[in-house]
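J.: How does the following fold in three dimensions:
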Amino acid sequence: MKKLEGGVTVAEGFMAGCTEANIKYKDRTDMALVFSKVPAKVAGTFTTNVVKAAPVKWGINIVKNNEEAQAVVINSGIANACTSKEGDEANEAMAAAAAESLKIPTNYVLTASTGVIGVQLPVDKITAGAKALGGKLDSSIQAGNAAAKAIMTTDTYPKEEAVEFEIGGKLVKLGGMSKGSGMIHPNMATMLSVITTDLAISKELLQDALSEIVKDTFNMISVDRDTSTNDTCVILANGLAGNVEITEKNEDFDTFVAALSYVATTLAKNMAKDGEGATKLIESTVIHAASKVEAKVLAKAVITSSLVKTAVYGSDANWGRIICALGYSGVEFNPEQVDLYIESKSGTVKLCENGVGTGFSEELATKILSDEEVTITSDMKSGTEQATAWGCDLTYDYVKINGDYRS
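T.: So this is what the prediction gives:
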């Protein structure tokens, strides 16, 4: 597997574009389109929030009933959630306008929206923007990057990743983009993400692969414990790499899953790192847990703890907050056999051993916690399983950003 520059336009046959529709933002692009020149197998995962935005309901229907799709149109600024029938009609109008400009069926266009909940989309602006996007498509890396920028809300940078790998003697490319900075919590999919590949694979296996890798990637990040109404992750596979179609779970399928997992993990970590107001990425790794399920629960408990997050922000090695978070996770374990470590590029410190403080160097611990990426390792010493989750510190700026988000 080889890392490539770019995102959604790296794979053969994919194009992207963006435009200024002035939906909410007045000084930047706010709509994006990803398009496959040929129909592509489609798979997706969506929010588990009972409150689902109009584009989520639209996407679920397409993924459930369509073998193929060909485009994804996205707007930022307004989420089109809690907008009732009027919101559903606006969403369909957006899809229809994009379909018209691309000369494809409306039900071949997936939609996604991100922004303020409870506000109606301006149909005239959204349809004009969707129509304009068809004339702005390009297959360049720059076009993909511009699309990734257009879908941002409170994100501070675009998230992209791409790789190349070999299947049956054919080079296959896979790339993706995502956005997410706030209202991020592990519960599928905790963001918007579009992934494209020129792999030939059956729809069933494409869905299996996406559903499987989501469990250990997008579902293992958290910024603020809030699961969005708009969480969407879709993948299009157009088969233009020319490999023999993957129709069974074999070595080729495993190679694809590894590539998809790498891209999804990178996108997920970047969203956690770019959490609203964040200054640090926190990686929580649990080792030697009794089961995989318990390892995941424990890892998430650490990165979702407000007290752990604020301690990392203040570079305070207050390890009692970590073991406290493990303790209320719902997992039964013996606290008197737990070891805790912190690690960064500045070094490693063992904070506690068998549930008791080690008398560690506060100076080194502070230096470690001052770095931009910090790993917290919890050794449960009760089994063989492990899991990793990603989050960020909690700062004053998070409150500032969300205190006046609508204005």
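J.: Now do the spatially closest residue to residue 281 that is not a sequence neighbour against residue 286, distance only.
T.: Distances taken as CB to CB, 6 or more residues apart in numbering put residue 273 closest to residue 281, at 4.0 Å, once the chain neighbours are dropped. For glycine as for every other residue, the C-beta is placed from the backbone atoms N, C-alpha and C. Using CB to CB, to the nearest Å, residue 273 is found at 20 Å from residue 286.
J.: ok, those two, which is more surrounded?
T.: A direct count of neighbours by other CB atoms under 10 Å for residue 273 and residue 286 places residue 286 higher, at 27 against 24.
J.: Adjacent strands (with direction) for whatever helix or strand that one lives in?
T.: In this assignment (DSSP states H and E), residue 286 forms part of strand 281-289. Paired strands of strand 281-289, with direction, are strand 373-379 (parallel), strand 385-392 (antiparallel) (DSSP bridges).
J.: tally of neighbours for residue 293?
T.: Per other CB under 10 Å, the neighbour tally for residue 293 reads 12.
J.: now the longest helix along the chain: how far from the chain's centre is it?
T.: Using DSSP state H, we find that the single longest helix of the chain is helix 251-273. Its chain's C-alpha centre lies 11 Å from the corresponding centre of helix 251-273 when counted by CA atoms, centre = their mean, to the nearest Å.
J.: What residues sit buried inside that helix?
T.: By neighbour count with 16 or more other CB atoms under 10 Å, helix 251-273 contains the buried residues 252-253, 255-257, 259-273.
J.: before we move on, what about stretch 291-306?
T.: Across stretch 291-306, burial judged by 16+ other CB under 10 Å covers 294-305.
J.: thinking again about what came up before, what's the mean pLDDT across the longest helix of the chain?
T.: Mean per-residue pLDDT for helix 251-273: 95.
J.: and what of stretch 34-54?
T.: 93.
J.: what's the helix or strand for residue 300?
T.: Using DSSP H and E, residue 300 maps to helix 292-304.
J.: Which SSE is immediately downstream of that helix?
T.: The C-terminal neighbour of helix 292-304 among helices and strands, as given by DSSP H and E, is helix 306-313.
J.: Show me what the helix or strand bottoming out on mean pLDDT in the chain is packed against.
T.: When each helix and strand of the chain is scored by mean pLDDT, DSSP states H and E, helix 396-403 comes last, with a mean of 78. Using 3 or more CB pairs under 8 Å, 6 or more residues apart in numbering; DSSP states H and E as the contact test, no helix or strand touches helix 396-403.
J.: how distant is that helix from the center of its chain?
T.: A distance of 21 Å separates the centroid of the chain from that of helix 396-403, by CA atoms, centre = their mean.
J.: Now do it against helix 306-313, angle only.
T.: Counting by axes from the mean of the first three to the mean of the last three CA atoms, to 10 degrees, helix 396-403 lies at 130 degrees to helix 306-313.
J.: just the CA coordinates of helix 396-403, formatted as PDB?
T.: Extracted in PDB, the C-alpha atoms of helix 396-403 (Å, rounded to 0.1, in the frame of the first residue of the first chain):
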ATOM      1  CA  TYR A 396     -12.000  27.700  26.700                       C
ATOM      2  CA  ASP A 397     -12.400  28.100  23.000                       C
ATOM      3  CA  TYR A 398     -14.800  25.200  22.700                       C
ATOM      4  CA  VAL A 399     -17.200  27.100  24.900                       C
ATOM      5  CA  LYS A 400     -16.700  30.300  22.900                       C
ATOM      6  CA  ILE A 401     -17.300  28.600  19.600                       C
ATOM      7  CA  ASN A 402     -20.500  26.800  20.700                       C
ATOM      8  CA  GLY A 403     -21.800  29.700  22.900                       C
END
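J.: Which positions within it qualify as buried?
T.: 398, 402.
J.: element containing residue 323?
T.: Element membership for residue 323 (DSSP H and E) is helix 319-327.
J.: pull the CA atoms of the helix or strand just after that helix into PDB?
T.: Moving toward the C-terminus from helix 319-327, the next helix or strand (DSSP H and E) is strand 339-344. Listed next in PDB are the C-alpha coordinates belonging to strand 339-344 (Å, rounded to 0.1, in the frame of the first residue of the first chain):
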ATOM      1  CA  ASP A 339      -1.100   0.400  35.100                       C
ATOM      2  CA  LEU A 340      -1.300   3.800  33.400                       C
ATOM      3  CA  TYR A 341       1.200   5.400  31.000                       C
ATOM      4  CA  ILE A 342       1.400   8.700  29.100                       C
ATOM      5  CA  GLU A 343       3.600   9.000  26.000                       C
ATOM      6  CA  SER A 344       4.500  11.600  23.300                       C
END
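J.: Begin at 57 from now on, thanks
T.: Let's use 57 as the start, then, which means that last one is strand 395-400.
J.: Report all helices and strands that the helix holding residue 356 contacts.
T.: If you count contacts as 3+ CB pairs under 8 Å, 6+ apart, helix 348-360 packs onto strand 337-345, helix 375-383, strand 429-435, strand 441-448.
J.: tell me the angle of it relative to helix 362-369?
T.: Using the same axes, to 10 degrees: helix 348-360 against helix 362-369 is 60 degrees.
J.: Centre of the chain to helix 348-360, how far?
T.: When distances are taken as CA atoms, centre = their mean, helix 348-360 is centred 18 Å away from the chain's centroid.
J.: Next, the angle strand 395-400 makes with that helix.
T.: Here the directions of helix 348-360 and strand 395-400 differ by 60 degrees (the same axes, to 10 degrees).
J.: average pLDDT across helix 348-360?
T.: Helix 348-360 shows a mean pLDDT of 95.
J.: do the same with stretch 272-287
T.: For stretch 272-287, the mean pLDDT works out to 74.
J.: And the helices in the chain, which stretches?
T.: For the chain, applying DSSP H gives helices covering 110-121, 140-158, 179-189, 197-206, 259-272, 307-329, 348-360, 362-369, 375-383, 418-425, 452-459.
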